[in-house]
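# Take this sequence and fold it.
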Amino acid sequence: QVQLVESGGGLVQPGGSLRLSCAASGFTLDYYALGWFRQAPGKEREGVVCISSRDKSTYTYYADSVKGRFTISRDNAKNTLLLQMNGLKPEDTAVYFCNAETVGNDYWGQGTQVTVSS
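The predicted model follows:
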């Protein structure tokens, strides 16, 4: 069964850090473009950071709002996508979703809640 499962969300104070994980099963992440998206209450889902598939030239995109604070990476041995989030701000509060996309396939996780509040 093809599945993406996010974990690592939670409540953190402003300035704190969280690391999100997205574990894939039923397929290998290597040949997929991967990304993290988020959706805050009352807002549309937005792209946060994306990385190209391993068989393509490395390309990483970061939204301006997270540049210098968030880092995307792959744990190839664990078939997992990671998102290290540092310097969190209240405006980062949202449900975070991971995505894996290739020609003909587009998979989404169920989301994990990140709340940044004092």
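# tell me the phi and psi of residue 92?
Residue 92 has phi and psi values of phi -80, psi -10 when expressed as degrees, to the nearest 10.
# now residue 117
phi -160, psi 150.
# cool, and residue 30?
Dihedral angles phi and psi of residue 30 (degrees, to the nearest 10) take the values phi -50, psi -40.
# Ok, residue 76 next?
Main-chain torsions, residue 76, degrees, to the nearest 10: phi -70, psi -40.
# element containing the residue at minimal distance from the centre of the chain, please.
For the chain, the residue nearest the mean C-alpha position is residue 36 (2.8 Å; Cα atoms, centre = their mean). Element membership of residue 36 [criterion: DSSP states H and E] is strand 33-39.
# Can you list the strands that the next helix or strand along the chain from that strand pairs with?
Of the helices and strands lying after strand 33-39 in sequence (DSSP H and E), the nearest is strand 46-51. Applying DSSP bridges, strand 46-51 is found paired with strand 33-39 (antiparallel), strand 60-62 (antiparallel).
# Give me the mean pLDDT for the first one.
In this case it means strand 33-39. Confidence for strand 33-39, expressed as mean pLDDT, is 97.
# Figure out how far it is from the centre of its chain.
5 Å (Cα atoms, centre = their mean, to the nearest Å).
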